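> Here's a sequence, model it:
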Amino acid sequence: MRFVATNVFSCKLGFCMGLLVLSLFLQPDLIAQNNDLTFTSASTYASVANTVTDLNSATLTIEAWIYPTAWRPSEWQGSIINKEGTNAGYFLRCGNNGALTFGFGKSGGFNFVTVAAALKLNTWQHVSAVINGTNCYLYRNGVLVGTGTTPAAYVPSTLPLEIGRSNIDFNRYFIGKIDEVRIWKTALTAQVIRDWSTKTVSSCHPNFGNLVGYYECNNTSSGVLTATAGSNGTVQNATYASSSSPIFPWSYPQVSNSGCSGNLIASGLAPGGQGSNTSGVLTLNGTNQYVTLNGINNLSGSQI
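Numbers count the residues shown, from 1 in each chain. A predicted model of the protein is given here:
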């Protein structure tokens, strides 16, 4: 996907009159769908078989966009990403009025990091968890909200990866929407997580070679979970729908035709705020929101 702008400029709207709408048209043959998966019960989930050993890396990052519409009573009941076995594997969960939990298996049990009231209902939020071999970190919207240690060796799970449910307890299910699930066999930095949370992952990502599972949730074929990286999976009863997840407002790579040098940065726009990747129109407030195109070279022809 790449942007085609009718005008290329930087405008701080304190110097512009009234409300400005900057139209950024996506080149038609490169427009990708932006869908998500909706989960409602123990019978709605997506699953990936345990065929990719790198899903069990001892240093890893897992991340997703979530839009919870109801909380499970306890934080351990709302499985977002789950590859849990008996004292093995990992999981990212939520519940109990917005608590967020990350757990990973070790000899004799699990290590947990739990942050109370980290999440909100009916709001898109980016959640991620990282193990670097010594410590673990929990992030919301790229901001660190919890930390823990990894004193014992990580124990991998041989069970499937599930999205929206636990594969060892079907009553641990998520209620709401999930999008852009990513599993990495490396510990991403906070800066990289933040910079790429609203971008579709491409070879421009500094850790692209360590991406072992990537599920954009854009396929609409019933029962199919298409992998952009890793192995395809299946979808059971969860439904695809057009997504409002903010895979655009902050920045987007490859605006120019010169590789990864270009960036469109929309300043002052929070996730889920003004701006849309479905309408192609970015609405600015006339005061502290503006757009800058950085590193854009050699725009010509259909790119302008």
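
> send the alpha carbons of stretch 85-95 over as PDB?
Coordinates of the C-alpha atoms in stretch 85-95 are reproduced here as PDB (Å, rounded to 0.1, in the frame of the first residue of the first chain):
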ATOM      1  CA  GLY A  85       0.500 -25.600  27.900                       C
ATOM      2  CA  THR A  86       0.900 -27.100  31.400                       C
ATOM      3  CA  ASN A  87       3.500 -24.800  32.900                       C
ATOM      4  CA  ALA A  88       4.600 -24.000  29.400                       C
ATOM      5  CA  GLY A  89       4.200 -21.500  26.600                       C
ATOM      6  CA  TYR A  90       2.900 -17.900  26.800                       C
ATOM      7  CA  PHE A  91      -0.300 -15.900  26.800                       C
ATOM      8  CA  LEU A  92      -1.600 -12.300  26.700                       C
ATOM      9  CA  ARG A  93      -4.900 -11.900  28.500                       C
ATOM     10  CA  CYS A  94      -7.300  -9.200  29.800                       C
ATOM     11  CA  GLY A  95     -10.400  -8.900  32.000                       C
END
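
> so who does T234 touch?
46-47, 223-225 (Cβ atoms under 8 Å, 6 or more residues apart in numbering). (Glycine included, C-beta is placed from N, CA and C.)

> Report the buried members of those.
Among the contacts of T234, those classed as buried by 16 or more other Cβ atoms under 10 Å are 46-47, 225.

> before we move on, back to that, identify, from the contacts of T234, the entry nearest to N210.
Minimum distance to N210 across the contacts of T234 is 20.8 Å, recorded for L225 (Cβ to Cβ).

> hang on, the earlier thing: nearest to A64 among the buried ones among the contacts of T234?
Lowest distance from A64 to those (Cβ to Cβ) belongs to A46, with 11.3 Å.

> about what we covered before: mind checking which of the contacts of T234 land in strands?
If you go by DSSP state E, these have 46-47, 224-225 in strands.

> Taking these together, which two end up most distant?
Among the ones in strands among the contacts of T234, S47 and V224 lie farthest apart (Cβ to Cβ), at 11.5 Å.

> Mind pulling up the pLDDT for N207?
Per-residue confidence (pLDDT) for N207: 96.

> Give me the spatial nearest neighbour of it, chain neighbours excluded.
Spatial nearest neighbour of N207, excluding adjacent residues (Cβ to Cβ, 6 or more residues apart in numbering): T186 at 5.6 Å.

> So that neighbour versus T239, what's the distance?
T186 sits at a distance of 32 Å from T239 (criterion: Cβ to Cβ, to the nearest Å).

> could you dump the ones in strands among the contacts of T234 to CSV with pLDDT?
CSV is the format used below for those (pLDDT from 0 to 100):
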residue, pLDDT
A46, 97
S47, 96
V224, 94
L225, 95
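
> For I80, state which of these is nearest.
Taking Cβ to Cβ as the measure, I80 lies nearest A46 of the ones in strands among the contacts of T234, at 11.3 Å.

> Leaving out chain neighbours, which residue sits closest to that closest one?
I163 (4.1 Å).

> try W196
Distances taken as Cβ to Cβ, 6+ apart put H205 closest to W196, at 6.0 Å, once the chain neighbours are dropped.

> for the one you found, what are its contacts?
192, 196, 211.

> For the stretch 101-250 of the chain, which residues score under the pLDDT cut-off?
Residues of the stretch 101-250 of the chain meeting the criterion pLDDT under 70: 151, 247-250.

> How are the strands of it distributed by residue range?
Per DSSP state E, counting those that start in this stretch, the stretch 101-250 of the chain carries strands over the ranges 109-115, 125-131, 135-140, 143-149, 161-163, 176-184, 211-215, 224-225, 233-236, 239-242.

> so L188 sits right up against N207, yeah?
Yes: assessed by Cβ atoms under 8 Å, L188 is found in contact with N207 at 6.0 Å.

> Of these two, which one has the most company?
More crowded of L188 and N207, by other Cβ atoms under 10 Å: L188, with 26 against 16.

> nearest spatial neighbour of the more buried one, skipping sequence neighbours?
T61 is the one closest to L188 (Cβ to Cβ, 6+ apart), at 4.4 Å.

> Can you classify the one you found by secondary structure?
Classification of T61 by DSSP: H, G, I helix; E, B strand; the rest coil places it in strand.

> Now do the same contact list for it.
128-131, 182-184, 186-188, 193.
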